[in-house]
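Enquirer: fold the following, please.
(chains A and B)
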There are 2 protein chains.
Amino acid sequence: MQPEGVLESCLYAEDLGAAEAFYTEVLGLERFASEPGRHVFFRCGSGMVLLFQPEVTGARRAQVGESLLPLHGASGSGHLAFRVSVEALPGWRSRLEAAGVEIESEITWPHGGRSLYFRDPAGNSLELATPDLWGLS
Amino acid sequence: MQPEGVLESCLYAEDLGAAEAFYTEVLGLERFASEPGRHVFFRCGSGMVLLFQPEVTGARRAQVGESLLPLHGASGSGHLAFRVSVEALPGWRSRLEAAGVEIESEITWPHGGRSLYFRDPAGNSLELATPDLWGLS
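Expert: Sure thing, here's the model as predicted:
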């Protein structure tokens, strides 16, 4: 018995407005829901990318029915990699450059796969990577 | 143009040995690779779950060929949700209880979907959730 996959991947951002602009305009994600000052959620492929304001979700338990959601919230730079095809990489490089987003690193992995690294406005380390990096197709 | 999905979801743990035992034995994930003291990586469905030691990855840039990987590392409680079927939930509840893992919260969402919440040994908030929570199948 094991989980079927990851359903929600999370990052934290103090400025959710800047995060929302970046994830929608630069990364092209579709905003699914938001609660100003607390979170903004995006759909991404078969899962969700959730951005939370850590001072809020780390301090106040939201209530759903009669249950309380657990506290969580991290500070520092998180990391998340998005799946892209190798054919899409030149277009992504152009889009990041056009948006003034610095490409912090670019890797061709010795065992296959390529990665582009950059930062979101909160300083999280984001990656666009081809799945062969992990032997996935 | 948008990413095809999430390829790598990350959490941080100071004690990677405890994390590895939990993610393999309790969650049933397959260890893909590890570097003692720096990281342990798991395959999960069509993506990867990466656990890093934040004091290491936040301070030392690893080198790949002639390129350096970006620094990242967070402290506090991160969050990640795994995708499970509604049929599998009773089995998961039993497994968590048998492993002595406290179920911190259990939610039936008003718009559909169910979630079980618990903690990994590092204090990250983990969730087993059914995809209808997000209108996904």
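Enquirer: so what are the domain limits for chain A?
Expert: A:1-75, A:76-137 (automatic domain parsing).
Enquirer: show the average pLDDT along the first one.
Expert: The predicted model gives domain A:1-75 an average pLDDT of 97.
Enquirer: do that domain and chain B meet?
Expert: Yes - contact between domain A:1-75 and chain B, assessed by Cβ under 8 Å from any Cβ of the partner chain, occurs at A:1-10, A:12, A:27-30, A:32, A:43-50, A:52, A:54, A:58, A:64-65, A:67-75. In this view, the C-beta of every residue, glycine as well, is placed from N, C-alpha and C.
Enquirer: all helices of chain A, in order?
Expert: Here chain A has its helices, by DSSP state H, at A:16-21, A:54-57, A:89-98.
Enquirer: for the second one, buried residues please.
Expert: By neighbour count on 16 or more other Cβ atoms under 10 Å in any protein chain shown, the buried set for helix A:54-57 is A:54, A:56-57.
Enquirer: contacts for the longest strand belonging to chain A next, please.
Expert: Longest strand in chain A by number of residues (criterion: DSSP state E): strand A:5-12. Residues from elsewhere that reach strand A:5-12, judged by Cβ atoms under 8 Å, 6 or more residues apart in numbering or on different chains: A:44, A:46-54, A:72-75, A:78, A:80, A:120, A:122, A:124, B:6, B:9, B:44-47, B:49, B:74, B:78-83, B:127, B:129, B:131, B:133-134, B:136.
Enquirer: list buried residues within these.
Expert: Taking 16+ other Cβ under 10 Å as the criterion, what is buried in the contacts of strand A:5-12 is A:44, A:46-54, A:72-74, A:78, A:80, A:120, A:122, A:124, B:6, B:9, B:44-47, B:49, B:74, B:78-83, B:127, B:129, B:131, B:133-134.
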